[in-house]
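Asks: Following is a predicted model, sequence given first.
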Amino acid sequence: MKVLVGGWFSLPRMGREIFSQLMRCGVEYDKGMGFRMSAQTDIESAVLIIGSVAGEEVDVSVRCFICGLVACPGCPYLDSCDRRRVSPLCLCHEHASLGDAYESYKLAFGANLKV
Ligand SMILES: [Zn+2]
C-alpha cells in the first residue's frame, strides 16, 4: 500500500494493543478520516506496524515542500532513498530541477512561517 506522509489512509480493523502502538509512534487517528503520519511520527516503527496490519509492504511517499504534491514520482533517487528515514518534505521533480530551487525553498519556508 502507498502511504503519503501528511495524507490520510485507512487500515483494516486492528486490536487495541496494535492501535496504541501506532499512537505511541505518533500516528494520528481521526474517526472520519482514518490514520495519518506527520513530521512528528516515528515513521520507521509506524511502517512496520502498518505493514503487519495491512498485510502488505508499505511504500512511503513524501510531499514537495514548495507545491505540496507527492514528490516521489520521477525522482532519480527513488530506488536508493529510504523514505522512512528522510525528512517528510522533499522537492518534486519539477521544483528540484528549477535552477532557483533554493530561492523557491526560501520563499516557501518564509510563507510557512507566517501561517
Ligand atoms: Zn513541487
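Replies: Perfect, thanks for sending it. Residues are numbered from 1 along each chain as shown.
Asks: any idea where the strands of this protein begin and end?
Replies: Remark: strands of the chain, listed N- to C-terminal, are 2-4, 8-9, 28-30, 34-36, 59-61, 63-64, 89-90; assignment by DSSP state E.
Asks: residues in contact with the first one?
Replies: Residues outside strand 2-4 that contact it (Cβ atoms under 8 Å, 6 or more residues apart in numbering): Phe9, Met37, Val47, Ile50, Val58, Asp59, Val60, Ser61, Val62, Arg63, Val70. Bear in mind the C-beta positions are built from the backbone N, C-alpha and C, glycine included.
Asks: do you know how far the first one is from Glu28?
Replies: Okay, so that is Phe9. Between Phe9 and Glu28 the distance is 11 Å, computed by Cβ to Cβ, to the nearest Å.
Asks: interface residues of the protein facing the ion?
Replies: On the criterion Cβ under 5 Å from the ion, the ion has as its neighbours in the chain the residues Cys64, Ile66, Cys67, Cys92, His95.
Asks: quick revisit: what is in contact with Phe9 and Glu28 at once?
Replies: Shared contacts of Phe9 and Glu28 (Cβ under 8 Å, 6+ apart): Phe35, Arg36.
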